[in-house]
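1. I would like to see how this sequence folds:
(one chain, ligands or ions: 2)
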Amino acid sequence: MCDCIFCKIVKGDIPSPRLYEDENFIVIRDINPLCKVHDLIITKKHIKSVNEIEKDDEKIFASLFTVAKKIAAMENMSESGYRVVVNSGKDSGQAVPHFHAHVLGGEDLKGKLQGM
Ligand code: AMP
Ligand code: ZN
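-> Ligands and ions are numbered 1, 2, ... in the order given. The predicted structure is shown next:
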């Protein structure tokens, strides 16, 4: 049985309100927000990190940034700006080994969150 927390959220075994969903991704709010808006774009497929993305997965990631753009619009950050961050592997500090992109904003992030 898969013991991955994001797989459990994708399957609905752990309830987490979805801001957005399509065939490849769900978007939820981060449980421990590091700034005013902190959302996570999570692949439905269990892919551990950028390093485990295979050629066949390219169709999944083709829409990643358009999803980020949609979330930014939903969160009213299109004009003010935002950051999209993907940690991959040990030295990045990646804590959950299931691909996710952080969408961060809602406040001035210049000089902030350098250690996330
Ligand atoms: P990373 O360090 O890039 O792997 O980020 C993992 C993120 O997942 C952190 O910002 C956590 O706060 C967040 N997180 C962990 N568990 C949950 C959860 N159950 N619901 C929402 N966010 C979570
Ligand atoms: Zn998973």
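2. can you tell me how far residue 32 is from residue 11?
-> Per CB to CB, to the nearest Å, residue 32 is found 22 Å from residue 11. Any C-beta I mention is one placed from the backbone N, CA and C, and that applies to glycine too.
3. neighbour count winner among these two?
-> residue 11 (11 against 6; other CB atoms under 10 Å).
4. give me the phi and psi for that one.
-> Dihedral pair for residue 11: phi -70, psi -20, per degrees, to the nearest 10.
5. around ligand 2, which positions in the protein sit nearby?
-> By CB under 5 Å from the ion, the part of the chain that sits against ligand 2 consists of 4, 6-7, 46, 98.
6. please name the bridge partners of the closest residue in space to residue 77 that isn't next to it in sequence.
-> Spatial nearest neighbour of residue 77, chain neighbours left out: residue 105 (4.2 Å); criterion: CB to CB, 6 or more residues apart in numbering. Listed by DSSP bridges, the beta-bridge partners for residue 105 are residue 37, residue 82.
7. tell me the pLDDT at the nearest residue to residue 36 once chain neighbours are set aside?
-> Sequence neighbours aside, residue 106 is the residue nearest to residue 36 in space, at 3.1 Å (criterion: CB to CB, 6+ apart). You'll see residue 106 listed with a pLDDT of 98.
8. how about stretch 58-76: buried residues?
-> Neighbour counts using 16 or more other CB atoms under 10 Å place 60-61, 63-64, 67-72, 75 of stretch 58-76 among the buried residues.
9. which of the residues of the chain next to ligand 2 are buried?
-> 6-7, 98.
10. for the residue nearest to residue 77, what are its contacts?
-> 35-37, 72, 75, 77, 80-83 (CB atoms under 8 Å, 6 or more residues apart in numbering).
11. point out where this structure drops to low pLDDT.
-> The model of the chain has pLDDT under 70 over residues 1.
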